[in-house]
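In: Please work out how this folds:
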Amino acid sequence: MMLAAALPWTFGPAAAAAEIRDVKPSIVRVIVLADPENGHAVEGSGFKIGPGRYITNRHVIQQVLNGGHRVYLAPPTPGSPLVEAEVRASADSDLALIAGPDIPGAVLTLSASVPESGDDVYALGYPGQVDNVLGRNATIAGPPDVTKGGLINSGDGSLENGAIITRVIHSASIWPGNSGGPLVDRCNRVVGVNTWVHVEDGLAQQGVAVATKDVLAFLEKNGVTAQSDPQACIDGAVQVAAAPPPVAASAPPASEPAVSSPPSSAASPVGGIALVVVILAILGVMVALGARFQRDSQGRRRARHEREEDW
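Out: Below is the predicted model of the structure:
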(Lines give C-alpha, C1' and ligand atoms only; values in the text may rest on other atoms or scores of the structure.)
Protein backbone atom coordinates (compact mmCIF):
# COMPACT_ATOMS: atom_id res chain seq x y z
CA MET A 1 0.00 0.00 0.00
CA MET A 2 1.45 3.35 -1.05
CA LEU A 3 1.68 6.01 1.62
CA ALA A 4 0.73 9.19 -0.17
CA ALA A 5 -3.07 9.01 -0.01
CA ALA A 6 -4.80 10.42 3.05
CA LEU A 7 -6.74 7.72 4.96
CA PRO A 8 -8.91 8.24 8.09
CA TRP A 9 -6.81 6.04 10.38
CA THR A 10 -6.13 6.98 13.99
CA PHE A 11 -3.23 6.23 16.26
CA GLY A 12 -1.17 7.75 19.06
CA PRO A 13 1.50 10.30 18.14
CA ALA A 14 5.03 8.92 17.93
CA ALA A 15 7.71 10.06 20.33
CA ALA A 16 10.76 11.74 18.85
CA ALA A 17 14.17 10.31 19.62
CA ALA A 18 16.66 12.78 21.03
CA GLU A 19 19.50 11.51 18.86
CA ILE A 20 17.56 12.22 15.69
CA ARG A 21 16.78 15.88 16.35
CA ASP A 22 19.55 17.15 14.11
CA VAL A 23 17.87 15.52 11.10
CA LYS A 24 14.49 17.23 11.53
CA PRO A 25 15.48 20.59 9.95
CA SER A 26 16.36 18.73 6.72
CA ILE A 27 12.86 17.29 6.15
CA VAL A 28 10.12 18.97 4.08
CA ARG A 29 6.45 18.30 3.55
CA VAL A 30 5.71 17.79 -0.16
CA ILE A 31 2.29 19.04 -1.24
CA VAL A 32 0.76 18.59 -4.70
CA LEU A 33 -2.01 21.08 -5.46
CA ALA A 34 -4.39 21.33 -8.37
CA ASP A 35 -5.14 24.90 -7.30
CA PRO A 36 -3.35 26.63 -4.43
CA GLU A 37 -6.61 28.31 -3.44
CA ASN A 38 -8.77 25.19 -3.38
CA GLY A 39 -7.44 22.37 -1.28
CA HIS A 40 -4.74 19.82 -1.97
CA ALA A 41 -4.56 16.62 -3.96
CA VAL A 42 -1.85 14.61 -2.25
CA GLU A 43 0.83 14.95 0.39
CA GLY A 44 4.11 13.28 1.12
CA SER A 45 7.53 13.92 2.59
CA GLY A 46 10.99 14.68 1.26
CA PHE A 47 14.50 15.34 2.49
CA LYS A 48 17.43 17.54 1.53
CA ILE A 49 20.29 15.96 -0.42
CA GLY A 50 21.88 19.19 -1.65
CA PRO A 51 21.30 22.96 -1.66
CA GLY A 52 17.76 23.36 -2.94
CA ARG A 53 17.58 19.65 -3.90
CA TYR A 54 15.16 17.14 -2.35
CA ILE A 55 14.33 13.46 -2.75
CA THR A 56 10.79 12.08 -2.54
CA ASN A 57 8.76 9.25 -4.09
CA ARG A 58 7.55 9.51 -7.65
CA HIS A 59 4.05 8.44 -6.67
CA VAL A 60 3.89 11.54 -4.44
CA ILE A 61 4.35 13.90 -7.40
CA GLN A 62 2.80 11.69 -10.11
CA GLN A 63 -0.05 14.12 -10.69
CA VAL A 64 2.48 16.84 -11.45
CA LEU A 65 3.97 14.59 -14.12
CA ASN A 66 0.48 13.92 -15.45
CA GLY A 67 -0.13 17.67 -15.79
CA GLY A 68 -2.49 20.16 -14.23
CA HIS A 69 -0.88 20.12 -10.77
CA ARG A 70 1.95 21.94 -9.10
CA VAL A 71 4.28 20.86 -6.31
CA TYR A 72 4.98 22.92 -3.19
CA LEU A 73 7.27 22.45 -0.21
CA ALA A 74 6.38 23.26 3.40
CA PRO A 75 9.67 23.87 5.27
CA PRO A 76 10.14 22.39 8.75
CA THR A 77 10.34 25.83 10.37
CA PRO A 78 6.97 26.76 11.92
CA GLY A 79 5.36 29.76 10.28
CA SER A 80 7.26 29.42 6.99
CA PRO A 81 5.17 29.95 3.85
CA LEU A 82 4.71 27.28 1.20
CA VAL A 83 7.26 27.56 -1.59
CA GLU A 84 6.72 26.37 -5.14
CA ALA A 85 9.17 23.80 -6.49
CA GLU A 86 9.61 21.77 -9.65
CA VAL A 87 10.20 18.13 -10.48
CA ARG A 88 13.63 17.71 -12.05
CA ALA A 89 13.72 13.94 -12.56
CA SER A 90 11.90 10.73 -11.71
CA ALA A 91 12.48 7.02 -12.10
CA ASP A 92 10.62 3.73 -12.22
CA SER A 93 12.24 2.92 -8.86
CA ASP A 94 9.60 5.30 -7.39
CA LEU A 95 12.08 8.09 -6.80
CA ALA A 96 11.88 11.75 -7.75
CA LEU A 97 14.20 14.73 -7.51
CA ILE A 98 12.67 18.09 -6.65
CA ALA A 99 14.34 21.49 -7.00
CA GLY A 100 13.19 24.44 -4.94
CA PRO A 101 14.30 27.14 -2.52
CA ASP A 102 16.94 26.01 -0.06
CA ILE A 103 16.04 25.40 3.58
CA PRO A 104 18.43 25.97 6.51
CA GLY A 105 18.74 22.26 7.38
CA ALA A 106 21.94 20.36 6.71
CA VAL A 107 22.44 18.19 3.65
CA LEU A 108 21.74 14.61 4.73
CA THR A 109 24.33 11.91 4.15
CA LEU A 110 23.26 8.77 2.32
CA SER A 111 24.63 5.54 3.76
CA ALA A 112 25.99 3.27 1.04
CA SER A 113 25.60 0.27 3.37
CA VAL A 114 22.40 -1.28 4.74
CA PRO A 115 22.23 -1.66 8.55
CA GLU A 116 22.28 -5.10 10.14
CA SER A 117 19.04 -6.86 11.06
CA GLY A 118 17.96 -5.61 14.47
CA ASP A 119 19.70 -2.23 14.21
CA ASP A 120 17.67 0.80 15.28
CA VAL A 121 16.18 2.93 12.51
CA TYR A 122 14.01 6.06 12.51
CA ALA A 123 11.32 7.17 10.09
CA LEU A 124 10.83 10.92 9.64
CA GLY A 125 8.01 12.56 7.74
CA TYR A 126 4.51 13.96 7.81
CA PRO A 127 1.93 11.17 8.25
CA GLY A 128 -1.58 12.41 7.59
CA GLN A 129 -2.91 10.52 10.61
CA VAL A 130 -0.95 12.75 12.97
CA ASP A 131 -2.52 15.74 11.23
CA ASN A 132 -5.95 14.16 11.80
CA VAL A 133 -5.40 13.33 15.44
CA LEU A 134 -3.90 16.70 16.30
CA GLY A 135 -6.21 18.70 14.04
CA ARG A 136 -3.12 19.98 12.26
CA ASN A 137 -3.39 21.86 8.97
CA ALA A 138 -1.58 19.71 6.42
CA THR A 139 -0.39 22.75 4.47
CA ILE A 140 1.21 24.48 7.45
CA ALA A 141 4.98 24.30 7.84
CA GLY A 142 6.40 22.60 10.90
CA PRO A 143 8.85 19.93 12.10
CA PRO A 144 8.38 16.31 10.99
CA ASP A 145 7.21 13.45 13.16
CA VAL A 146 9.56 10.61 14.12
CA THR A 147 8.99 6.93 14.86
CA LYS A 148 11.56 4.38 15.95
CA GLY A 149 11.85 0.72 15.02
CA GLY A 150 14.29 -1.93 13.98
CA LEU A 151 15.61 -3.00 10.64
CA ILE A 152 14.16 -6.41 9.84
CA ASN A 153 15.84 -7.38 6.59
CA SER A 154 16.66 -6.20 3.09
CA GLY A 155 16.80 -7.74 -0.35
CA ASP A 156 16.13 -7.16 -4.03
CA GLY A 157 12.59 -7.23 -5.32
CA SER A 158 10.39 -5.74 -8.01
CA LEU A 159 7.78 -3.01 -7.97
CA GLU A 160 4.43 -3.23 -9.76
CA ASN A 161 6.03 -1.59 -12.81
CA GLY A 162 8.73 -4.27 -12.92
CA ALA A 163 11.57 -2.06 -11.65
CA ILE A 164 14.08 -3.95 -9.52
CA ILE A 165 15.00 -2.23 -6.27
CA THR A 166 16.58 -3.17 -2.97
CA ARG A 167 13.82 -3.13 -0.36
CA VAL A 168 14.64 -2.28 3.23
CA ILE A 169 12.03 -3.80 5.55
CA HIS A 170 11.65 -2.28 9.01
CA SER A 171 9.32 -1.93 11.98
CA ALA A 172 9.35 1.85 12.40
CA SER A 173 5.72 2.89 12.05
CA ILE A 174 4.90 4.74 8.83
CA TRP A 175 1.57 5.82 7.37
CA PRO A 176 0.20 7.69 4.37
CA GLY A 177 2.10 10.97 4.22
CA ASN A 178 5.45 9.36 5.12
CA SER A 179 6.07 8.56 1.45
CA GLY A 180 9.35 10.06 0.31
CA GLY A 181 10.61 10.67 3.83
CA PRO A 182 13.92 9.20 5.00
CA LEU A 183 14.63 6.09 7.01
CA VAL A 184 17.63 7.02 9.13
CA ASP A 185 20.15 5.00 11.14
CA ARG A 186 21.57 5.89 14.57
CA CYS A 187 24.37 7.85 12.88
CA ASN A 188 21.78 10.21 11.31
CA ARG A 189 22.43 8.87 7.80
CA VAL A 190 19.70 7.99 5.34
CA VAL A 191 19.47 4.24 4.70
CA GLY A 192 16.26 4.27 2.67
CA VAL A 193 13.30 6.23 1.32
CA ASN A 194 10.03 5.15 2.95
CA THR A 195 7.68 4.11 0.17
CA TRP A 196 4.90 1.78 1.27
CA VAL A 197 3.50 -0.37 4.07
CA HIS A 198 3.05 -4.12 3.81
CA VAL A 199 -0.13 -5.15 5.62
CA GLU A 200 -1.63 -8.63 6.08
CA ASP A 201 -4.70 -9.52 8.12
CA GLY A 202 -3.80 -10.39 11.68
CA LEU A 203 -0.13 -9.50 11.23
CA ALA A 204 1.84 -6.45 12.23
CA GLN A 205 2.46 -4.02 9.41
CA GLN A 206 5.96 -3.62 8.04
CA GLY A 207 7.43 -0.52 6.49
CA VAL A 208 9.26 -0.82 3.19
CA ALA A 209 11.86 1.66 1.99
CA VAL A 210 13.84 1.95 -1.23
CA ALA A 211 17.50 1.46 -0.30
CA THR A 212 19.89 4.38 -0.67
CA LYS A 213 22.02 2.47 -3.17
CA ASP A 214 19.09 2.87 -5.58
CA VAL A 215 18.89 6.56 -4.66
CA LEU A 216 22.59 7.02 -5.37
CA ALA A 217 22.23 5.26 -8.73
CA PHE A 218 19.23 7.47 -9.59
CA LEU A 219 21.11 10.65 -8.70
CA GLU A 220 24.23 9.60 -10.57
CA LYS A 221 22.17 8.87 -13.67
CA ASN A 222 20.82 12.42 -13.49
CA GLY A 223 24.21 14.03 -12.92
CA VAL A 224 23.65 14.85 -9.25
CA THR A 225 26.36 14.19 -6.68
CA ALA A 226 25.14 13.32 -3.19
CA GLN A 227 26.93 13.14 0.12
CA SER A 228 27.47 9.45 0.89
CA ASP A 229 29.29 7.32 3.44
CA PRO A 230 30.23 3.63 2.99
CA GLN A 231 31.15 2.97 6.63
CA ALA A 232 29.02 0.96 9.05
CA CYS A 233 27.16 2.56 11.97
CA ILE A 234 27.78 0.78 15.28
CA ASP A 235 26.38 2.06 18.58
CA GLY A 236 25.56 5.40 17.02
CA ALA A 237 29.05 6.04 15.69
CA VAL A 238 30.36 5.73 12.15
CA GLN A 239 33.08 3.10 12.11
CA VAL A 240 36.02 4.56 10.26
CA ALA A 241 38.29 1.95 8.75
CA ALA A 242 41.53 1.69 10.68
CA ALA A 243 44.51 3.14 8.93
CA PRO A 244 47.06 0.54 7.82
CA PRO A 245 50.15 0.30 10.02
CA PRO A 246 52.91 2.65 8.95
CA VAL A 247 55.38 1.11 6.57
CA ALA A 248 58.98 1.53 7.66
CA ALA A 249 61.07 3.49 5.23
CA SER A 250 63.26 1.26 3.13
CA ALA A 251 66.84 1.26 4.33
CA PRO A 252 69.51 1.85 1.67
CA PRO A 253 71.39 -1.27 0.59
CA ALA A 254 74.08 -2.27 3.03
CA SER A 255 77.57 -1.40 1.85
CA GLU A 256 80.94 -2.79 2.78
CA PRO A 257 82.13 -1.35 6.09
CA ALA A 258 84.44 1.55 5.60
CA VAL A 259 88.08 0.96 6.54
CA SER A 260 89.37 3.58 8.90
CA SER A 261 92.36 5.47 7.61
CA PRO A 262 94.55 7.95 9.38
CA PRO A 263 93.67 11.51 8.69
CA SER A 264 95.59 13.05 5.84
CA SER A 265 97.79 16.02 6.43
CA ALA A 266 95.59 18.08 4.19
CA ALA A 267 92.56 17.27 6.26
CA SER A 268 93.90 18.76 9.50
CA PRO A 269 96.10 21.89 9.73
CA VAL A 270 97.32 20.89 13.19
CA GLY A 271 98.28 17.43 12.00
CA GLY A 272 100.16 18.97 9.04
CA ILE A 273 102.19 21.28 11.27
CA ALA A 274 103.08 18.45 13.62
CA LEU A 275 104.25 16.36 10.69
CA VAL A 276 106.46 19.19 9.43
CA VAL A 277 107.96 19.64 12.90
CA VAL A 278 108.74 15.94 13.11
CA ILE A 279 110.37 15.95 9.67
CA LEU A 280 112.43 19.02 10.55
CA ALA A 281 113.50 17.40 13.81
CA ILE A 282 114.60 14.27 12.00
CA LEU A 283 116.51 16.34 9.46
CA GLY A 284 118.12 18.26 12.30
CA VAL A 285 119.23 15.04 13.96
CA MET A 286 120.58 13.73 10.70
CA VAL A 287 122.52 16.96 10.06
CA ALA A 288 123.90 16.89 13.56
CA LEU A 289 124.94 13.26 13.23
CA GLY A 290 126.51 14.00 9.86
CA ALA A 291 128.50 16.93 11.27
CA ARG A 292 129.66 14.85 14.23
CA PHE A 293 130.71 12.00 11.93
CA GLN A 294 132.63 14.46 9.80
CA ARG A 295 134.44 15.92 12.85
CA ASP A 296 135.29 12.46 14.12
CA SER A 297 136.69 11.49 10.74
CA GLN A 298 138.81 14.60 10.52
CA GLY A 299 140.12 14.02 14.03
CA ARG A 300 141.13 10.43 13.26
CA ARG A 301 142.93 11.47 10.08
CA ARG A 302 144.81 14.21 11.94
CA ALA A 303 145.89 11.83 14.70
CA ARG A 304 147.10 9.27 12.17
CA HIS A 305 149.06 11.94 10.35
CA GLU A 306 150.78 13.04 13.53
CA ARG A 307 151.79 9.45 14.35
CA GLU A 308 153.18 9.02 10.95
CA GLU A 309 155.32 12.14 11.39
CA ASP A 310 156.60 10.81 14.70
CA TRP A 311 157.87 7.67 12.91
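In: just the helices in this protein please.
Out: In the chain, the helices defined using DSSP state H lie at 62-66, 128-134, 212-221, 269-310.
In: what's in contact with the third one?
Out: It refers to helix 212-221. 49, 55, 89, 91, 93, 95, 97, 110-112, 114, 165-166, 190-193, 225-226, 228 (CB atoms under 8 Å, 6 or more residues apart in numbering). To be clear about C-beta, it is placed using only N, CA and C from the backbone, and glycine gets the same treatment.
In: Now for Gly177, how many residues are close by?
Out: Neighbour count of Gly177, defined by other CB atoms under 10 Å: 30.
In: should've said Val133
Out: Val133 has 14 neighbours, counted by other CB under 10 Å.
In: Mind pulling the model confidence for it?
Out: For Val133, the pLDDT comes out at 90.
In: circling back to that earlier point, just the buried ones among the contacts of helix 212-221, please.
Out: 49, 55, 89, 91, 93, 95, 97, 110-111, 114, 165-166, 190-193, 226, 228 (16 or more other CB atoms under 10 Å).
In: Could you list which of those residues belong to strands?
Out: Using DSSP state E, the members of the buried ones among the contacts of helix 212-221 that fall within strands are 49, 55, 89, 91, 95, 97, 110-111, 165-166, 190-193, 228.
In: Among these, which has the minimum pLDDT value?
Out: Ile165 (90).
In: For it, give me its contacts.
Out: Ser93, Asp94, Asp156, Gly157, Ser158, Leu159, Val210, Ala211, Asp214.
In: what do you get if the cut-off is 6 Å, keeping everything else the same?
Out: Contact criterion CB atoms under 6 Å, 6 or more residues apart in numbering gives Ser93, Val210, Asp214 as the residues in contact with Ile165.
In: Export those residues to a markdown table and append columns for distance to Pro76 and pLDDT.
Out: Shown next, in a markdown table, are these (distance: CB to CB, whole Å; pLDDT from 0 to 100):
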| residue | distance to Pro76 | pLDDT |
| --- | --- | --- |
| Ser93 | 26 | 94 |
| Val210 | 22 | 96 |
| Asp214 | 25 | 95 |
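In: Distance-wise, check Leu65 relative to Val83.
Out: Leu65 is 20 Å from Val83, where distance means CB to CB, to the nearest Å.
In: which of these two has more neighbours?
Out: For Leu65 versus Val83, neighbours defined as other CB under 10 Å are more numerous around Val83 (15 against 12).
In: Skipping adjacent residues, who's closest to the more buried one in space?
Out: Pro101 (4.7 Å; CB to CB, 6 or more residues apart in numbering).
In: Wait, the one you found touches Glu84, no?
Out: No - between Pro101 and Glu84 there is no contact under CB atoms under 6 Å: 8.6 Å.
In: Model confidence for Val199, exactly?
Out: pLDDT at Val199 comes out at 75.
In: which one is it nearest to, not counting chain neighbours?
Out: Nearest non-adjacent residue to Val199 (CB to CB, 6+ apart): Gln205, at 4.7 Å.
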